[in-house]
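Chemist: here is the input, now give the coordinates:
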Amino acid sequence: MKITTIKSFLFFIVLGLTACSSNDSDNDETTIPKQNSYDYYVDAAMQKSINQLGITIHKGSTPPNVEGIYKIDPFRCTMSNFTDALLGVTLGTSTLTLSNQNTAKLSVDFKNLTIYTNDSTNEIWEGKGSFISGEGNKFSILLHSNGELDRGSYIAKYQNLIILSGELDIQNNQIKGIKDVQMASIMSDDYGDPHTTLIEIGQGRLFTNSYAAVK
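Modeler: Reported below is the predicted structural model:
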């Protein structure tokens, strides 16, 4: 009888210690932001750059369906958070493609191709499963893009945070375009910038246009 009592007592001690250990582990775990959340894309440093550029972020969990191909012409830099020769300059024309939107996951595929008019440079920003937020006809899209700047003689690769904000122009239940287009690009990784051609990490530009029509 005594042996049984001792075994039972030890069992409950072990069980109690295991439960305490499990709870301590849970408390120590760091919460990792999910991909379908603002915090996944924006840390404190990126938030500072966003504030400096002044781009509007439309938050909310009921964004409109934005799928389509849009033309941003001209593609013009209207704000920079550093001394920038491109500030106020019209760079060229952009073709924006939004596809494969998933309402449940708050995701959409994003691709932006800019063809520059002042030289032979083309630039692509692209992200699969990008985060989309918003309400009504207003929306914002955030993504980490693996970009390529094609200079002809070399290609400079980098990663940047892209933010697109705007409001759908819907007429007779059809999307005609995007009003008040804002697109920010903030450098997040220059991979050492071997060609010394990229802006510094944390530096960014804001591109705006009053309207982007459906192509």
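Chemist: show me the strands in this protein, by range?
Modeler: Along the chain, counting by DSSP state E, strands occupy 68-80, 90-102, 107-116, 122-135, 138-150, 155-171, 174-189, 204-214.
Chemist: which strands or helices does the last one pack on?
Modeler: Right, the one you point to is strand 204-214. Applying 3 or more C-beta pairs under 8 Å, 6 or more residues apart in numbering; DSSP states H and E, we find strand 204-214 packed against helix 44-53, strand 68-80, strand 90-102, strand 155-171, strand 174-189. C-beta: built from backbone N, CA, C; applies to glycine.
Chemist: reformat these as a markdown table; add mean pLDDT and mean neighbour count.
Modeler: As requested, the helices and strands packed on strand 204-214 are exported to a markdown table (pLDDT from 0 to 100; neighbours: other C-beta atoms under 10 Å):
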| stretch | mean pLDDT | mean neighbour count |
| --- | --- | --- |
| helix 44-53 | 96 | 15 |
| strand 68-80 | 97 | 18 |
| strand 90-102 | 96 | 17 |
| strand 155-171 | 96 | 19 |
| strand 174-189 | 97 | 20 |
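Chemist: returning to what we had before: any chance of the strands of the chain in CSV, plus distance to T196?
Modeler: Below are these laid out as CSV (distance: least, C-beta to C-beta, whole Å):
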stretch, distance to T196
strand 68-80, 19
strand 90-102, 20
strand 107-116, 19
strand 122-135, 17
strand 138-150, 12
strand 155-171, 9
strand 174-189, 14
strand 204-214, 18
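Chemist: out of those, which is closest to P33?
Modeler: Nearest to P33 among the strands of the chain is strand 122-135 (10.2 Å), distances taken as C-beta to C-beta.
Chemist: can you pull the buried residues of that closest one?
Modeler: Using 16 or more other C-beta atoms under 10 Å as the test for burial, strand 122-135 gives 123, 125-127, 129-134.
Chemist: same question, stretch 141-160
Modeler: Within stretch 141-160, the residues that count as buried by 16+ other C-beta under 10 Å are 141-145, 147, 149, 156-158, 160.
Chemist: is it true that S37 touches F131?
Modeler: Yes - counting by C-beta atoms under 8 Å, S37 touches F131, with 6.9 Å between them.
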